[in-house]
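Enquirer: Sequence first, then the predicted structure:
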Amino acid sequence: MTDLSPFFTPQTVVLDFSARKKGDVLRKVSQMLAGPGTGKADSLEDALQRREILCSTGLGEGVAAPHVLLPGLEKTSLAFLRLRDPVDWRSPDGIPVRLVFALAGPAEDPAAHLQILSRLTRLLREPDFRETVAAAASGEEVASAFRRTEEE
């Protein structure tokens, strides 16, 4: 089983981000996923925008999991963005999104991407887990929530 907790660092967790629309959120998570100095943020943002046009990545219950495979990425990255105010995401249940877990992986390794996405979406279906990350006071608390859940 893939341990997701190492993905959550001070650089990949932003709590109480202020955004007015989905595009603002996708821009921010693209920067977080790309990391500083990689020059991949614009490509990631474009790919995530195209992905949203195909089908919303809103999972329901106020959660979205935008995800994309992109050629040339060196590694899989995961980021968490908690929104100060909910944003419309065209989720199936119509509930605006407040918790955003974004995933980007190399197009050359779709199996790893699907494994992480599958694990993430299973965890996000758990109400207690969603409440824990919604109340987290730091990136370390987010990572700790993943560790505790994965140890159970």
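Expert: Noted; the coordinates are in hand. Numbers count the residues shown, from 1 in each chain.

Enquirer: Identify the residues contacting residue 123.
Expert: By CB atoms under 8 Å, 6 or more residues apart in numbering, residue 123 lies in contact with 4, 129, 146, 149. Any C-beta I mention is one placed from the backbone N, CA and C, and that applies to glycine too.

Enquirer: list the buried ones in the worst-scoring helix or strand of the chain on mean pLDDT?
Expert: For the chain, counting by mean pLDDT, DSSP states H and E, helix 139-151 ranks last in confidence among helices and strands (a mean of 85). Judged by neighbour count using 16 or more other CB atoms under 10 Å, the buried positions of helix 139-151 are 139, 142, 143, 144, 145, 146, 149.

Enquirer: Which SSE is immediately downstream of the host helix or strand of residue 53?
Expert: Following DSSP states H and E, one finds residue 53 within helix 41-54. For helix 41-54, the succeeding helix or strand toward the C-terminus, using DSSP H and E, is strand 58-60.

Enquirer: buried set for that next one?
Expert: 58, 59.

Enquirer: Quick check: neighbours of it in the sheet, parallel or antiparallel?
Expert: Here strand 58-60 is paired, per DSSP bridges, with strand 63-64 (antiparallel).
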